[in-house]
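Engineer: turn this into a model:
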Amino acid sequence: MFSIPTDRRFWIKIRVGLLVIALFVGAVTVAWGAWDLGVTRKAELTLLAKEQYTRQIKLSARRGMLLDRRGDELAVEVEVDSVYADPRLIKTPQAAAKYLCLILGKDEKMLLGRLTSKKHFVWLKRRISPEVAAKVKDLNLDGVSMIKESKRFYPNKSLAAHVIGFAGIDSRGLEGIERKFDEQLLRKQEVATGLSDAHGRMVFSKGAFESSGIMGSNIKLTIDRRLQYIVEHELASAVRIFEAKAGHITMMDPRTGEILALANWPTYNLNRIDKSTADQRRNRAVLDVFEPGSTFKVFTLSAALNSGKLRPDEKIFCEHGLMKIHDVVIHDDHRDGWLNPTQCLKRSSNICFAKIAERVGKKRLYHYLRRFGFGDRTHVQLPFEMRGTLAHYKKWRDIDTATTAFGQGVGVTGLQMVSALGAIANGGVLMKPRLVKKIIGSNGETEREFTPKSRRRVISRYTARMLGDMMTAVTEEGGTGTQGSLDGFLVAGKTGTAQKSVGSRGYHKDKWIASFFGFVPADDPKLVISVVIDEPMINHYGGTVAAPVLRRIADQSMRYLGIAPRFAKQQKRKKTKTIDDKDKVMAETMDMGIEDHLDVPKALIGEGQVATPNLIGISMTTALQALSDHGLRPLFMGSGLAIEQAPPPGAPVDDGEFVQVNFHPVPETVDSKRSNENNK
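Structural biologist: Below is the predicted model of the structure:
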């Protein structure tokens, strides 16, 4: 039998053992490597592999809708095409750039730079029109493709533009509600994922760009689309007729603080932001600070009555229109003697309110004005609100106390004024203005509801009611705001005609702000309205420029809201006729209503035209109101009552055209002649 030597057998065992050890070590190494790849580094390697065959593009997220208080759409999302390219697949970049620049309206050099980039993905133009998309598709260029993106669309164009604001190219809100509630409207950014083939070309699967179903929340505003249209239309008409620089109007429900309409002029188309200017986009109702003038007298009077420093039946001597405080002289337009508070408000006496402020005292007056919200933000749901200016009473001199009482040296915003007036209208409680009613999730459920919130009580209910009654005298015969009166309703209001301040240099001689603030119906207020017209050229008095705007807005709004008139239409009183035959054409006096004169014959009126109203025999103020109601501009000569006009009554003229009217002094009546003879 063959036998292996002992020493050789030993070395065989050694070799076998080493082989076993080597195999074991190899097995352990392989197992460890498999564990490392399959378990320890699984997530890392999976992501690396995925990146090699998938591509991701961040798309504009889908923003929630903006709705008015009745659910009408103010801002929505629509799907449009965006053009992108993979430069590696572009065979002739120069030719592609030449064709695309003509279609996309982009610079050829810029497009060429992108098409020759080393990147795998470049945007050429985002959110293009269907017509442009069709032209790009017809080119059939290799490496140039289109994908769907969401774009913000505003179906009402410029309506409520300064409230809504707008979103940028990346779907981020930049102005207005779009900015203030950007986080709620835009929940997350959408990412599209696609597959990449062997050549690196992206191959998207069906539905890759469809919405994931997660959208931002919808926001319902307090704005009423129909009331907003009324306000914007009347504001644009007033600015055009009086050739003003700008204007803004705010309408609020005094019971809840809800803003029903907020309009600015000039305005802009939300769908064409690129065509607008910063001046057009400026929300003047919350950003422009101006001196309120005589409209501020209401709050001075409220401080005096509520503090007991003035009785409602007490009379104040108004110095016959001239009073000196140290080296400063205060003037009144009327040379009045003794007046009670209602008459002071009706006649808008600066001297009267300077004396009232002296009684109240600067410390108490300051604290009342602060409680009304002046010198502080209203905290409305809009970005960049201004707080206005109201110096501390310790810095007031005697003349500062007097001028503050009638609205000089104070800076307010239109929103502050309508909010403060709302406190008088609702019984003395200052409400927080609101623009948002509720936030609604994409599933239709209410995420948050904004309920009415009172900030504080400013004056007693009794004082507020008494002030409302006094303010109705302003719109009645003899008041400064008679053109703000409305048939069937009591209107509480106050006119303002303020020179524009130039800071420490004083005031402009020929630049004014005409305003009118009021609420209607005065006995049960439903609407508080502020009208501010900046730098009107044709006329600058608040009672002539702004008051008729409030009347027309209130008239249309009452009918829209279904609020019936409180009383029958009042008949205008006619004065004594003249005895001079040559002046029979001026038979009616300056206080007669224009409806008595508008005997316009029927005529074929073309599109964009109106019939010239009959102005013969009426006053300049009434003629101005008639032309304003018809959208025409005045060109007046003389004074008194109208004796001739061109074009003649009933003639068709283009909307916004001038109408020349000649006036003749009002002849004396029988009663006035007898009075003059007796005085002699």
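Engineer: domain map for the protein?
Structural biologist: The record's domain parsing of the chain by automatic domain parsing lists 56-221, 226-561, 581-671.
Engineer: out of the ones you listed, which is the most enclosed?
Structural biologist: domain 226-561 (a mean of 20; mean count of other C-beta atoms under 10 Å). To be clear about C-beta, it is placed using only N, CA and C from the backbone, and glycine gets the same treatment.
Engineer: chain center to that one: distance?
Structural biologist: Domain 226-561 sits 16 Å away from the centroid of its parent chain (C-alpha atoms, centre = their mean, to the nearest Å).
Engineer: start to end distance for it?
Structural biologist: 10 Å (C-alpha to C-alpha, to the nearest Å).
Engineer: roughly how far apart are Ala554 and Pro613?
Structural biologist: With the distance defined as C-beta to C-beta, to the nearest Å, Ala554 ends up 21 Å from Pro613.
Engineer: list the beta-bridge partners for Asp81.
Structural biologist: Counting by DSSP bridges, Asp81 forms beta bridges with Ile128, Lys148.
Engineer: would you map the helices across the stretch 51-200 of the chain?
Structural biologist: With DSSP state H, counting those that start in this stretch, the ranges of helices along the stretch 51-200 of the chain come out as 93-104, 108-115, 130-139, 161-164, 176-180, 182-185.
Engineer: check which helices and strands the first one sits against.
Structural biologist: It stands for helix 93-104. helix 108-115, strand 122-128, helix 130-139 (3 or more C-beta pairs under 8 Å, 6 or more residues apart in numbering; DSSP states H and E).
Engineer: so which of the ones you listed is nearest Asn283?
Structural biologist: Nearest of these to Asn283, taken as C-beta to C-beta: strand 122-128 at 25.4 Å.
Engineer: how far out from the middle of the chain is that closest one?
Structural biologist: Using C-alpha atoms, centre = their mean, the offset of strand 122-128 from its chain centre is 32 Å.
Engineer: now the angle between helix 93-104 and that strand, please.
Structural biologist: Here strand 122-128 runs at 20 degrees with respect to helix 93-104, directions being taken by axes from the mean of the first three to the mean of the last three C-alpha atoms, to 10 degrees.
Engineer: could you give the mean pLDDT of strand 122-128?
Structural biologist: The pLDDT scores in strand 122-128 average 86.
Engineer: mean confidence for the helix or strand hosting Val661?
Structural biologist: Under the criterion of DSSP states H and E, Val661 resides in strand 658-664. The predicted model assigns strand 658-664 a mean pLDDT of 78.
Engineer: quick one: strands adjacent to it?
Structural biologist: For strand 658-664, the paired strands and their directions (DSSP bridges) are strand 633-637 (parallel), strand 641-646 (antiparallel).
Engineer: let me have these in JSON lines, extended by distance to Phe658 and mean pLDDT.
Structural biologist: Converted to JSON lines, these look like this (distance: least, C-beta to C-beta, whole Å; pLDDT from 0 to 100):
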{"stretch": "strand 633-637", "distance to Phe658": "5", "mean pLDDT": "73"}
{"stretch": "strand 641-646", "distance to Phe658": "9", "mean pLDDT": "82"}
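Engineer: got any ranges where the stretch 101-250 of the chain has weak pLDDT?
Structural biologist: Counting by pLDDT under 70, the stretch 101-250 of the chain shows low-confidence ranges at 187-214.
Engineer: contact partners of the strand holding Val661?
Structural biologist: With contact meaning C-beta atoms under 8 Å, 6 or more residues apart in numbering, strand 658-664 is reached by 583, 586, 612, 615, 620, 623, 627, 632-647, 653.
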